[in-house]
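Q: I'd like to go over a predicted model; first the sequence, then the structure.
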Amino acid sequence: MNESPPFGSHHPSGLAARIIELTQRLPDSWLGRRLYILLRRVAIRALHKAPLDVERFGARMRLYPYDNICDKKVLFTPQLFDPVERELLKARMRDGFTFVDAGANIGAYSLFVAAHAGPAARILAIEPQPDVFDRLTYNIRQNPFGTIKAIACAVADKPGELTMFVHAKNRGESSVKIVGADEGETLQVPATTLLALVRQESFSRIDAIKLDVEGAEDIILEPFFRDAPEALYPHLVIIEKGSGQWETDLPGLLTAHGYVQLCETRQNLVFERGPRI
């Protein structure tokens, strides 16, 4: 991935800048979202495939709002990007906060946590797609936090190599399960288990985990809860809603391990376990 020109060279300007300023003020309503989609299309045409350098959630990011819906949301409507989930995370941050971001994409969640959790935080940002991983690591390097470790792999039920089905129109929907009808190429990516990963990184606890892996959340969490010691059970769990792809009752699995569902948002289910160790 070409990292030149340096960050700031692609500052929003002209029509695109005016639209971005406007969409950041749109309300979370049916009309607001319809206007956002219309204005976003106009701005993207005006950008001619160029990236944009912006600050979002207290962090610098270079965004490519063309083949990744995450980039589009963060660029145009950051106020609508999982606001409930971000507030729940922020309210639970403490000294030495530990966060696992499975399916980190371009790093929006990881960078948000890094910007607010302080210098003693430990954050694992896990992303298997090589070109998306390049965008993630670029964004991490533009910030002074020093608390995020990016790991290029998939998280699954066993170590080895997996086939990833790449979504041609939205890289954020690429998955180790076939989801939707717009898959493009396939990639062979390394994989490991969540338990092996946190042990490899010497985590003694997980304060929060976010899983956005397009329907593969069950194949990550089922073996984790089967094999992990209770001390490693995450306190807060944010999982993308994917019951149509899950092969197990994931909410039931979490409930059986002491979790209570805090809320259901537009995109996610949020669960919390009892007092932290």
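A: The structure has been received and is ready for your questions. Everything numeric here is computed off the predicted structure, so don't read it as measured data.
Q: care to break this protein down by domain?
A: For the chain, automatic domain parsing gives the domain ranges 14-72, 83-272.
Q: Now mean pLDDT, distance to residue 5 and mean neighbour count too, for those, in CSV please.
A: The C-beta positions use only the backbone N, C-alpha and C, and glycine is treated the same way. Below are the domains of the chain laid out as CSV (pLDDT from 0 to 100; distance: least, Cβ to Cβ, whole Å; neighbours: other Cβ atoms under 10 Å):
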stretch, mean pLDDT, distance to residue 5, mean neighbour count
domain 14-72, 93, 9, 16
domain 83-272, 90, 13, 19
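Q: all strands for the stretch 151-277 of the chain, in order.
A: Assigned by DSSP state E, counting those that start in this stretch, the stretch 151-277 of the chain shows strands spanning 154-156, 160-167, 183-193, 208-211, 236-240, 260-264, 268-272.
Q: same for the last one, what does it pack against?
A: Think strand 268-272. helix 83-91, strand 236-240, helix 250-256, strand 260-264 (3 or more Cβ pairs under 8 Å, 6 or more residues apart in numbering; DSSP states H and E).
Q: ok so, going back, mind giving me CSV with the strands of the stretch 151-277 of the chain and columns for distance to residue 251?
A: Compiled in CSV, the strands of the stretch 151-277 of the chain are given as follows (distance: least, Cβ to Cβ, whole Å):
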stretch, distance to residue 251
strand 154-156, 19
strand 160-167, 25
strand 183-193, 21
strand 208-211, 13
strand 236-240, 9
strand 260-264, 7
strand 268-272, 7
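Q: which stretch among those strands comes nearest residue 247?
A: strand 154-156 (13.0 Å; Cβ to Cβ).
Q: Starting from that closest one, tell me which strands it pairs with and how they run.
A: strand 183-193 (parallel) (DSSP bridges).
Q: Kindly calculate the angle that the partner strand makes with strand 160-167.
A: Angle of strand 183-193 versus strand 160-167, following axes from the mean of the first three to the mean of the last three Cα atoms, to 10 degrees, is 150 degrees.
Q: Contacts only, for the most centrally placed residue in the chain.
A: Residue closest to the average C-alpha location in the chain (Cα atoms, centre = their mean): residue 104, at 3.8 Å. Neighbouring residues of residue 104 by Cβ atoms under 8 Å, 6 or more residues apart in numbering: 110, 125, 126, 127, 136, 150.
Q: which residues sit against stretch 115-122?
A: In this structure, residues lying in contact with stretch 115-122 by Cβ under 8 Å, 6+ apart are 57-59, 90, 93, 95-99, 113-114, 123, 143, 145-147, 149, 201, 203.
Q: Toward the C-terminus, what is the element adjacent to the helix ranked longest in the chain?
A: In the chain, taking DSSP state H as the definition, the longest helix is helix 30-47. Note on helix 30-47: by DSSP states H and E, the next helix or strand toward the C-terminus is strand 52-56.
Q: That next one pairs with which strands, parallel or anti?
A: As defined by DSSP bridges, the strand partners of strand 52-56 come to strand 59-63 (antiparallel).
Q: who's in contact with the partner strand?
A: With Cβ under 8 Å, 6+ apart as the criterion, strand 59-63 contacts 7, 10, 51-55, 71, 74-75, 106-108, 111-112, 114-115, 135, 138-139, 142-143, 145.
Q: Check stretch 242-255 too.
A: Here stretch 242-255 makes contact (Cβ under 8 Å, 6+ apart) with 177, 179, 214-219, 221-222, 225, 237, 239, 261, 269, 271.
Q: then that stretch to CSV, C-alphas only?
A: Provided in CSV are the C-alpha atoms of stretch 242-255 (Å, rounded to 0.1, in the frame of the first residue of the first chain):
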residue,chain,number,x,y,z
GLY,A,242,-25.6,-12.6,12.6
SER,A,243,-28.2,-15.2,13.7
GLY,A,244,-28.9,-16.1,10.1
GLN,A,245,-25.4,-17.4,9.7
TRP,A,246,-24.8,-18.8,13.2
GLU,A,247,-24.8,-22.5,13.6
THR,A,248,-25.4,-22.3,17.4
ASP,A,249,-27.6,-20.2,19.7
LEU,A,250,-24.9,-17.6,20.5
PRO,A,251,-27.1,-15.5,22.8
GLY,A,252,-27.9,-18.7,24.7
LEU,A,253,-24.3,-19.7,24.9
LEU,A,254,-23.4,-16.3,26.4
THR,A,255,-26.3,-16.5,28.9
